[in-house]
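Novice: A predicted structure for the sequence below; I have some questions about it.
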Amino acid sequence: MTPGVRPLIAGNWKMNGTLRDAAALAEGVRAGLDRAPGADLLICPPFLHLHVAAASMGWKPVAIGGQDCSAEANGAHTGDVSAAMLADAGCGFVILGHSERRADHGETDAQVQAKAQAAIEAGLIPVVCVGETEAQRDAGEAEAVVAAQIAGSLPPDFAAAKGVVAYEPVWAIGTGRTPTEADISAMHNRMRAEVAARFPGLGETTRLLYGGSVKPSNAAAILALPNVDGALVGGASLKAEDFLAIAAAVPA
Ligand SMILES: O=C[C@H](O)COP(=O)(O)O
């Protein structure tokens with residue numbers, strides 16, 4: 001953890017479940033909130049499930065976020081959802097630049113930066129994802145790749161808007177594999193240096209999340225590392241019990 005920074009445990013539900021599942025999962029998270037007093041919680045359902053999830057939690061106190069937004073404010077962009085629409089639907093956050101969007105939709109750092117700027121202008125907190133592929137790690141390029149993604153994907157207002165950076169090694173997502181604690185530490189220390197240099201006076205407390213096969217059994221060790229200010233959880237966030245157990249693992 002970073003001293004003075006309240007941790008954030010975020011659940012990325014990705015493209016899973018039905019409306020009924022979303023309502024039940026959100027209700028399960030709400031019902032167990034007292035197990036995780038030491039962290040802010042965020043759930044990011046699919047767009048069509050945002051409303052029912054928020055309503056199931058009484059609209060508070062768990063934050064709701066989207067999984068993407070358009071860089072454009074409005075207009076003829078079939079299939080896209082604007083940041084203002086997310087805010088209007090009750091969202092406070094939006095995940096941007098997830099590796100699945102970078103891979104599936106060819107999103108570039110410049111596009112992610114434009115989306116993050118649009119999110120900030122709509123009053124949302126962007127959660128910008130970065131992370132290397134396995135080939136890049138094997139080639140010794142992991143830190144340089146992540147540093148370049150941070151440089152290219154974060155807009156000038158990012159830290160002032162309390163933007164969040166999530167480090168997700170692509171090879172650790174949904175695989176059950178995680179980097180060693182030493183490797184997570186090294187990367188998060190490098191990320192801290194990058195954001196602190198880019199945003200002096202603010203970047204020192206920018207929240208840096210780790211994501212990639214976080215589960216109840218490894219959460220405590222990961223969340224105890226310096227400069228790890230929370231987690232972005234995929235698969236384990238689809239079970240309220242597991243998501244809450246991860247949030248409860250935040251060090252006191
Ligand atoms: O956004 C979440 C990540 O992609 C992590 O997914 P995972 O916890 O299923 O590995």
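Specialist: Received it, and whenever you're ready, just let me know what you need.
Novice: in stretch 32-46, what counts as buried?
Specialist: Neighbour counts using 16 or more other CB atoms under 10 Å place 32, 36, 38-46 of stretch 32-46 among the buried residues. The way it works is simple: take the backbone N, C-alpha and C, and place the C-beta from them, glycine included.
Novice: With pLDDT, secondary structure and distance to T18 as extra columns, can I get those residues in JSON lines?
Specialist: As requested, those are exported to JSON lines (pLDDT from 0 to 100; DSSP: H, G, I helix; E, B strand; the rest coil; distance: CB to CB, whole Å):
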{"residue": "G32", "pLDDT": "94", "secondary structure": "coil", "distance to T18": "21"}
{"residue": "A36", "pLDDT": "92", "secondary structure": "coil", "distance to T18": "26"}
{"residue": "G38", "pLDDT": "93", "secondary structure": "coil", "distance to T18": "32"}
{"residue": "A39", "pLDDT": "96", "secondary structure": "coil", "distance to T18": "28"}
{"residue": "D40", "pLDDT": "96", "secondary structure": "strand", "distance to T18": "27"}
{"residue": "L41", "pLDDT": "97", "secondary structure": "strand", "distance to T18": "22"}
{"residue": "L42", "pLDDT": "97", "secondary structure": "strand", "distance to T18": "21"}
{"residue": "I43", "pLDDT": "98", "secondary structure": "strand", "distance to T18": "16"}
{"residue": "C44", "pLDDT": "98", "secondary structure": "strand", "distance to T18": "17"}
{"residue": "P45", "pLDDT": "98", "secondary structure": "coil", "distance to T18": "11"}
{"residue": "P46", "pLDDT": "98", "secondary structure": "coil", "distance to T18": "10"}
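Novice: Can you pick out the most distant pair from the residues you listed?
Specialist: With distance counted by CB to CB, no two of those lie farther apart than G38 and P46, which are 28.1 Å apart.
Novice: Next, the contact list for the residue in the stretch 101-250 of the chain that the ligand sits nearest to, please.
Specialist: Each residue of the stretch 101-250 of the chain has a distance to the ligand, by CB to the nearest ligand atom, and the smallest belongs to G234, at 2.2 Å. When contacts are counted by CB atoms under 8 Å, 6 or more residues apart in numbering, G234 is found next to 11-12, 14, 173-174, 211.
Novice: Let me see the contact set for G230.
Specialist: For G230, the contacting residues are 7-10, 39-40, 164, 207, 209-210, 223, 250, by CB under 8 Å, 6+ apart.
Novice: 6 Å - rerun?
Specialist: By CB atoms under 6 Å, 6 or more residues apart in numbering, the contact set of G230 is 7-9, 209.
Novice: quick check, nearest of these to G152?
Specialist: Taking CB to CB as the measure, L209 is the one of the contacts of G230 closest to G152, at 18.7 Å.
Novice: Just confirm yes or no for the host helix or strand of the closest one near the ligand.
Specialist: In this structure, L209 sits in strand 207-211 according to DSSP states H and E. Yes: for strand 207-211 and the ligand, the contact criterion (CB under 6 Å from any ligand atom) is met by G211.
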